[in-house]
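**Q** From the sequence below, what's the structure:
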Amino acid sequence: MVGRVVSINVSEDKGVRKRRVREALVREGYGIEGDAHASSEWHRQISLLAVESIAKMQDHGLDVGPGDFAENITTDGIDLTSLSIGTRIEIGGSVELEVTQKGKTCHDRCAIYYQAGDCVMPREGIFVRVLKGGRIRVGDSVRIINGR
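**A** From the prediction side, this is the model:
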């Protein structure tokens, strides 16, 4: 399975829509430099959401796009929901990630829910930890290197 990076998104605060950047530095064991979710303290260092999931929300009339669900990396061509915990993902031929969590539980409706009218991230987003860092860019390949 090979896809591509549609958007890279960062924010200084958690629980808000992220702004798009053309490239980012991914640090091993940490996450994306300059993003509020980056931390060596937990397993959700980077979040991914497929553009196909965002399209479902657009089909329901929501005016949303990449970064609006607070995902760090928006992908195209990879069925993220089918990936198992432990699956490794390579981005741009150098960055290596490992799936650590599928979806999440939202105990309260976050700012994204109120801004967008719904949040697809708890149902279809995935979270990863960084095994190998490097620089990623919009348009980079996204490849599953083991697992499913």
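
**Q** So for stretch 75-89, mean pLDDT?
**A** In this model, stretch 75-89 has an average pLDDT of 96.

**Q** Stretch 5-23 too?
**A** Per-residue scores along stretch 5-23 average to 93.

**Q** Straight-line length of it, end to end?
**A** 10 Å (Cα to Cα, to the nearest Å).

**Q** can you list contacts of that stretch?
**A** Stretch 5-23 has contacts (Cβ atoms under 8 Å, 6 or more residues apart in numbering) with 24, 32, 34-37, 51, 65-76, 91-92, 110-112, 115-116, 135-142. Yep, even glycine has a C-beta here, placed from its N, CA and C like the rest.

**Q** Can you select the buried ones among these for me in PyMOL?
**A** Buried members of those, defined by 16 or more other Cβ atoms under 10 Å, are picked up in PyMOL with:
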select buried, resi 24+32+35+36+37+51+65+66+67+68+69+70+71+72+73+74+75+91+92+110+112+116+136+138+140+142
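
**Q** for this protein, what spans make up the strands?
**A** Applying DSSP state E to the chain gives strands spanning 2-10, 19-21, 23-27, 31-32, 46-50, 73-76, 88-91, 95-102, 126-132, 134-137, 141-146.

**Q** Tabulate those (CSV), appending distance to residue 61.
**A** Output for the strands of the chain, formatted as CSV (distance: least, Cβ to Cβ, whole Å):
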stretch, distance to residue 61
strand 2-10, 21
strand 19-21, 22
strand 23-27, 31
strand 31-32, 31
strand 46-50, 19
strand 73-76, 20
strand 88-91, 31
strand 95-102, 27
strand 126-132, 25
strand 134-137, 32
strand 141-146, 28
